[in-house]
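Trainee: Let me see the structure of the following:
(one chain, ligands or ions: 1)
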Amino acid sequence: MPISKAVIPAAGLGTRFLPATKAMPKEMLPVVDKPAIQYVVEEAVNAGLHDVLMVTGRNKNALENHFDRATELEAVLTRKGDQRRLEEVVRSTNLATMHYVRQRDPLGLGHAVLRAHMHVGQEPFAVLLGDDLIDERDVLLERMIAVHDSHAANVVALMEVEPSQTHLYGIATVEATEESDVVRVTGLVEKPRPEDAPSNLAVIGRYVLQPEVFSVLEDTPAGSGGEIQLTDALNSMAGSGLGGGVAGVVFTGRRYDTGDRLDYLKAIVQVAATRDDLGPEMMAWLKDFVATA
Ligand code: UTP
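Mentor: Residues are numbered from 1 along each chain as shown. Take a look at the predicted model:
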């Protein structure tokens, strides 16, 4: 069955960004001039997924408003003849068919994904986390969908990390396959210490999941941090082979982590550097700044 639905969990508390996230979801933090969440919705749409379900929590209004019409703003920009800005305002409105479901308590990523069951039904679907931005010049989600189709399995995105970073990610135990960028995942462990990590392949925020994941999540007890972890459900499926088990696509492209403050600042610099309108001027200033700081 072809994949048409994307689920974007955006109900976390964003505690690492307080106080910025006191009244606003962290997914609305801008990366240059677009909120992080818009890059993620654009990525889903570019991969052919036009049906987007966002799992929201408290302070959801900004997220919904961003993908809704802003008639007053549109009227002002039309009156001023500011076509460029008008296009930018309308762009996020027309991107995808947006749906919203509320996760009343942020009980973990697995719990957030479970909220999507009613909307997704018995179809495979993609999950994209707003913390991870994948450079649009690098292909990841399309490749994961292709691997899902050929392997008939759940698919996670994996990236090599430094041993000192394993405690921040789900880490995979893997076996090679005949395809150089694809591995079979035989186990997953959430946030291990470097000495306990089975590899340096970390799960990053893109998944293509089989609908069987919902029944597994129903039975997954709270794990690391007292939260229901998607990693634990996928570890169980890797062991049992349910839903075809778990395959991994090893990604070597450009990923911008906006989940913590320092990485977020780096993400903004990296994205701005690639922009024609800002990059040259900003890089010249940055070189100057570093030389004199
Ligand atoms: P994170 O753990 O990075 O988000 O979850 P967080 O809990 O908001 O972050 P901190 O640690 O408090 O700063 C990864 C993704 O899963 C979503 C988050 O919104 C984020 O996009 N999430 C997490 C939910 O939707 N619900 C949850 O219960 C937990």
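Trainee: immediately after the helix or strand of the chain with the lowest mean pLDDT, which helix or strand?
Mentor: The weakest-scoring helix or strand in the chain, judged by mean pLDDT, DSSP states H and E, is strand 255-257 (a mean of 89). Later in the chain than strand 255-257, the nearest helix or strand by DSSP states H and E is helix 261-273.
Trainee: and that following helix, is it in reach of the ligand?
Mentor: No: contact of helix 261-273 with the ligand (Cβ under 6 Å from any ligand atom) is absent, the minimum separation being 9.6 Å. Just so you know, the C-beta spots here come from the backbone N, C-alpha and C atoms, and that holds for glycine as well.
Trainee: How far does that helix sit from its chain's centre?
Mentor: Its chain's C-alpha centre and that of helix 261-273 lie 16 Å apart, by Cα atoms, centre = their mean, to the nearest Å.
Trainee: now stretch 36-54
Mentor: Relative to its chain's centre, stretch 36-54 lies at 10 Å (Cα atoms, centre = their mean).
Trainee: Could you pull out the buried residues of it?
Mentor: Using 16 or more other Cβ atoms under 10 Å as the test for burial, stretch 36-54 gives 36-45, 47, 49, 51-54.
Trainee: Stretch 156-164 now?
Mentor: 156-159, 161.
Trainee: Using CSV, lay out the residues you listed together with pLDDT and distance to T274.
Mentor: Formatted as CSV, those follow (pLDDT from 0 to 100; distance: Cβ to Cβ, whole Å):
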residue, pLDDT, distance to T274
V156, 98, 27
A157, 98, 21
L158, 98, 24
M159, 97, 19
V161, 96, 23
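Trainee: which of these lies closest to H66?
Mentor: Nearest to H66 among the buried residues of stretch 156-164: A157, at 25.0 Å, using Cβ to Cβ.
Trainee: Against N200, how distant is E162?
Mentor: 7 Å (Cβ to Cβ, to the nearest Å).
Trainee: Then Q103?
Mentor: Counting by Cβ to Cβ, the gap from Q103 to N200 is 31 Å.
Trainee: Give me the more crowded residue out of the two.
Mentor: Between Q103 and N200, counted using other Cβ atoms under 10 Å, Q103 has the larger neighbour count: 22 against 17.
Trainee: Look up phi and psi at the closest residue to the ligand within the chain.
Mentor: Closest to the ligand within the chain is G12: 2.1 Å, counting by Cβ to the nearest ligand atom. Torsion angles at G12 (phi, psi; degrees, to the nearest 10) stand at phi -70, psi 160.
Trainee: Quick one: neighbours of it, just the number.
Mentor: Neighbourhood size, G12 [other Cβ under 10 Å]: 23.
Trainee: what residues does the stretch 51-200 of the chain put near the ligand?
Mentor: Within the stretch 51-200 of the chain, the positions adjacent to the ligand are 55, 103, 106-109, 111-112, 129-131 by Cβ under 6 Å from any ligand atom.
Trainee: Okay, and which of these map to strands?
Mentor: V55 (DSSP state E).
Trainee: Just the residues of the stretch 51-200 of the chain next to the ligand: which are in helices?
Mentor: Under the assignment DSSP state H, those contribute 109, 111-112 to helices.
Trainee: Show me where this structure has its helices.
Mentor: 36-46, 61-66, 71-80, 83-94, 109-114, 117-120, 141-151, 213-218, 230-240, 261-273, 279-292.
Trainee: Contacts for the fourth one next, please.
Mentor: Applying Cβ atoms under 8 Å, 6 or more residues apart in numbering, the external contacts of helix 83-94 come out as 38, 41, 66-70, 73-74, 77-78.
Trainee: Alpha carbons of stretch 6-24, as PDB, please.
Mentor: Taking Å, rounded to 0.1, in the frame of the first residue of the first chain, the C-alpha atoms of stretch 6-24 are listed here in PDB:
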ATOM      1  CA  ALA A   6       3.000  11.800   7.600                       C
ATOM      2  CA  VAL A   7       2.700  12.200  11.300                       C
ATOM      3  CA  ILE A   8       4.600  15.000  13.000                       C
ATOM      4  CA  PRO A   9       4.700  14.800  16.800                       C
ATOM      5  CA  ALA A  10       5.000  18.300  18.200                       C
ATOM      6  CA  ALA A  11       3.600  17.900  21.700                       C
ATOM      7  CA  GLY A  12       6.800  17.800  23.700                       C
ATOM      8  CA  LEU A  13       7.400  20.400  26.400                       C
ATOM      9  CA  GLY A  14      10.600  21.700  24.900                       C
ATOM     10  CA  THR A  15      12.200  22.200  28.400                       C
ATOM     11  CA  ARG A  16      15.700  22.700  27.000                       C
ATOM     12  CA  PHE A  17      14.500  25.900  25.400                       C
ATOM     13  CA  LEU A  18      12.800  27.500  28.300                       C
ATOM     14  CA  PRO A  19      11.800  30.300  28.700                       C
ATOM     15  CA  ALA A  20      11.300  30.600  24.900                       C
ATOM     16  CA  THR A  21       9.000  27.600  24.900                       C
ATOM     17  CA  LYS A  22       6.900  28.700  27.900                       C
ATOM     18  CA  ALA A  23       4.000  29.900  25.700                       C
ATOM     19  CA  MET A  24       5.100  28.600  22.300                       C
END
